[in-house]
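1. Need a 3D model of the following:
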Amino acid sequence: MKKILLTVWTALLLTACGPGKNLAPEWISAKPIDASGTYVYGVGMSYVNPNSAYQQAARSNALADLAQEVESQIYDETRLLQKEDAGGFGSSFSSETLTRSHIKLEEYNQVDSYSDGLRYYTLYRMDLPRFLAIKAEADQKAQLWIAERLALAKASDQELAYRWNMLGDAVEKSVSRNFLTDPKFAVATKSSLIQALRSIEQEMAGNFLIPETVLYLGMPDQFSAAYRLSSPALTPHLKLTSSSGSFKFNADNGAVYCTSTGKENAVHLNMSLDIDALLPSLSSAGRHWIRSQMNWSNGTTVFFQNTSIIVVAPKELHAEISRGTAVKFNIDENAPLTLSFIGELHTLTLAKNRYKTTIDGRFVLSYTDTQGVIWTSQRLEDSAISSSIDAARNSAKNTFAENFDFFVLPQLERSLGY
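-> Now for the predicted structure:
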């Protein structure tokens, strides 16, 4: 009985471990090649890990490998990206500029899989002529669709906002079909898109309306301007930039205003079209392409004079305050700003023929015409003692001048709208 049982178990063991059970298929090490050119294959592998979707990873790798085979048949300088979805296998062709197209490849099928316990392998196959035929038909339809949109984009009887949308549609379709990078279509497609873009740009006219008045650095409230565009519908999509300072554009009323002038005498203002705001439904690749090709912008240069200040101070301190102020500002009796020192210099006689000179007061910066206060300093007090009245006065003035340079002048500069 024991011999019979031993014989049975031996037979079962030999059957389980028989030849061919763990024999790896040839396609793992040598991918199949169809001599007729009808089919292309992709092999993918992933390490077996029960805690991860290793089979899906292997399929994705197989599709990527299959993509390289297809790529070699279609594109020379593009990268084919693939992912599996519920409706089939979505194929994305992309160039180094991240331009993509999405084509459904219906001829995929998984022909085999294998696992040695450590690794899981899968093999995919695709009917290449079938794919090429589908793609050629889809490309032809897309080209006709793009041509229709570009004709509308170049129609001068249409509103500019509508024409921009038609151009955006054409660019997006070109991106989605990879027409901007496929050598077969790239030159003609780019040329057609740029022609439509230029026809739109040529009909966009705008100008800055800036009153002829003297402008000063540090006084942004003085600046007042406007901008007018030939197509009001595009006004909300305008973007204002400046070479210095901070300038804002109010699309509701067309006003251009300044929040800070910067410190450059010549400030260039540039109005451009914000493609992200104008065509938000476009892919980032589509908006990037339009921005890279767009030439339209409208600019002007605004000139600011250096900040000028009138100095008002007691006679014995006027020279010191004017000298310090002139380091940062122009001193002009007709200036729009006034810096006043509200205080005095006085000298006391002490015991033993000694003298104490004190300078006490505060600074106020105001508008010359309206007397409106812009800034007020803290109270300052500087003093010096000497046996010589002149030495005491000079020493107090020197200390006052140093404190003005290191403390007052920086605060004065910060109080203005640079």
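2. other SSEs contacting the helix of greatest length in the chain?
-> For the chain, the longest helix by residue count, based on DSSP state H, is helix 128-153. Packing contacts for helix 128-153, counted by 3 or more C-beta pairs under 8 Å, 6 or more residues apart in numbering; DSSP states H and E, involve helix 54-74, strand 100-105, helix 160-176, helix 186-202. Heads up, the C-betas are built off the backbone N, CA and C, glycines and all.
3. Report the mean confidence score over the first one.
-> Right, the one you point to is helix 54-74. Helix 54-74 comes out with an average pLDDT of 84.
4. for it, which positions count as buried?
-> 54, 57-67, 69-71, 74 (16 or more other C-beta atoms under 10 Å).
5. which residues of the stretch 1-150 of the chain score low on pLDDT?
-> Flagging of the stretch 1-150 of the chain using pLDDT under 70 yields the residue ranges 1-22, 73-107.
6. Please give the element, helix or strand, for the closest residue to residue 416 other than its chain neighbours.
-> Closest residue to residue 416 apart from its sequence neighbours, by C-beta to C-beta, 6 or more residues apart in numbering: residue 218 at 3.3 Å. Assigned by DSSP states H and E, residue 218 falls within no helix or strand.
7. So that it lines up with my notes, have the first residue be 31 from now on.
-> Sounds good: first residue 31 from here, last item residue 248.
8. Show me where the protein has its helices.
-> With helices called from DSSP H, the chain shows them at 32-46, 84-104, 158-183, 190-206, 216-232, 305-308, 314-323, 345-355, 419-433, 439-444.
9. Distance from the third one to the middle of the chain?
-> Looking back up the chat, that one is helix 158-183. Centroid displacement of helix 158-183 relative to its chain, using C-alpha atoms, centre = their mean, to the nearest Å, is 32 Å.
10. Report the contact partners of the closest residue in space to residue 186 that isn't next to it in sequence.
-> Leaving aside its sequence neighbours, residue 186 sits nearest to residue 233 (C-beta to C-beta, 6+ apart; 6.6 Å). Contacts for residue 233 (C-beta atoms under 8 Å, 6 or more residues apart in numbering) come out as 186, 190, 260.
11. Let me have those residues in CSV, extended by pLDDT, distance to residue 329 and neighbour count.
-> Shown next, in CSV, are these (pLDDT from 0 to 100; distance: C-beta to C-beta, whole Å; neighbours: other C-beta atoms under 10 Å):
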residue, pLDDT, distance to residue 329, neighbour count
186, 94, 25, 10
190, 96, 19, 18
260, 93, 16, 11
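12. Which of those sits closest to residue 79?
-> Each of the contacts of residue 233 was checked against residue 79 using C-beta to C-beta; the closest is residue 190, at 56.7 Å.
13. Could you find the closest non-adjacent residue to the closest one?
-> residue 261 (4.1 Å).
14. contacting residues around that neighbour?
-> The neighbours of residue 261, taking C-beta under 8 Å, 6+ apart as the test, are 189-191, 234.
15. again, 10 Å this time
-> Going by C-beta atoms under 10 Å, 6 or more residues apart in numbering, residue 261 touches 189-191, 193-194, 230, 233-236, 267.
16. Distance-wise, check it relative to residue 310.
-> Distance of residue 261 to residue 310, computed by C-beta to C-beta, to the nearest Å: 18 Å.
17. Now for residue 222, how many residues are close by?
-> 19 (other C-beta atoms under 10 Å).
18. neighbours around residue 171, how many?
-> By other C-beta under 10 Å, 11 other residues sit near residue 171.
19. can you check residue 328 too?
-> The local packing of residue 328 (other C-beta under 10 Å) involves 17 other residues.
20. That one bridge partners, please.
-> residue 301 (DSSP bridges).
21. For it, report the pLDDT, please.
-> On the pLDDT scale, residue 328 gets 95.
22. Over to residue 371?
-> According to the prediction, residue 371 has pLDDT 96.
23. Wait, it touches residue 407, no?
-> Yes - here residue 371 lies in contact with residue 407, judged by C-beta atoms under 10 Å, at a distance of 9.2 Å.
24. Now do the shared contacts for these two.
-> Contact criterion C-beta under 10 Å, 6+ apart; residues shared by residue 371 and residue 407: 391-394, 434, 438.
25. tell me which of those residues is nearest to residue 176?
-> Checking the shared contacts of residue 371 and residue 407 one by one against residue 176 (C-beta to C-beta), the nearest turns out to be residue 438, at 66.4 Å.
26. ok, the closest one - contacts?
-> 351, 354-355, 369, 371, 392-393, 407-408, 410, 430.
27. Please tell me how far it sits from residue 140.
-> 81 Å.
28. Could you do residue 245 as well?
-> 73 Å.
29. same thing with residue 302?
-> Distance from residue 302 to residue 140, counting by C-beta to C-beta: 51 Å.
30. same question, residue 183
-> To residue 140, residue 183 is 44 Å away according to C-beta to C-beta.
31. Show me which of the two is the more surrounded one.
-> Each of residue 183 and residue 140 has its neighbours counted (other C-beta under 10 Å); residue 183 has more, 25 against 11.
32. Correct me if wrong: that one contacts residue 231.
-> No - the pair residue 183 / residue 231 is not scored as a contact, 11.3 Å apart, by C-beta under 10 Å.
33. tell me the domain ranges of this structure?
-> 58-160, 163-232, 236-308+317-333, 338-444 (automatic domain parsing).
34. dump the residue contacts of the nearest residue to residue 447 once chain neighbours are set aside.
-> Nearest residue to residue 447 in three dimensions, chain neighbours excluded: residue 250, at 4.0 Å (C-beta to C-beta, 6+ apart). By C-beta under 10 Å, 6+ apart, the residues touching residue 250 are 275-277, 287-292, 334, 446-448.
35. okay if I get these as a markdown table plus pLDDT and neighbour count?
-> Listed next are those as a markdown table, based on pLDDT from 0 to 100; neighbours: other C-beta atoms under 10 Å:
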| residue | pLDDT | neighbour count |
| --- | --- | --- |
| 275 | 96 | 22 |
| 276 | 97 | 14 |
| 277 | 97 | 23 |
| 287 | 95 | 15 |
| 288 | 96 | 24 |
| 289 | 96 | 12 |
| 290 | 96 | 16 |
| 291 | 96 | 28 |
| 292 | 95 | 19 |
| 334 | 96 | 24 |
| 446 | 94 | 21 |
| 447 | 91 | 19 |
| 448 | 91 | 17 |
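36. Of these, just say which sits nearest to residue 323.
-> residue 277 (26.4 Å).
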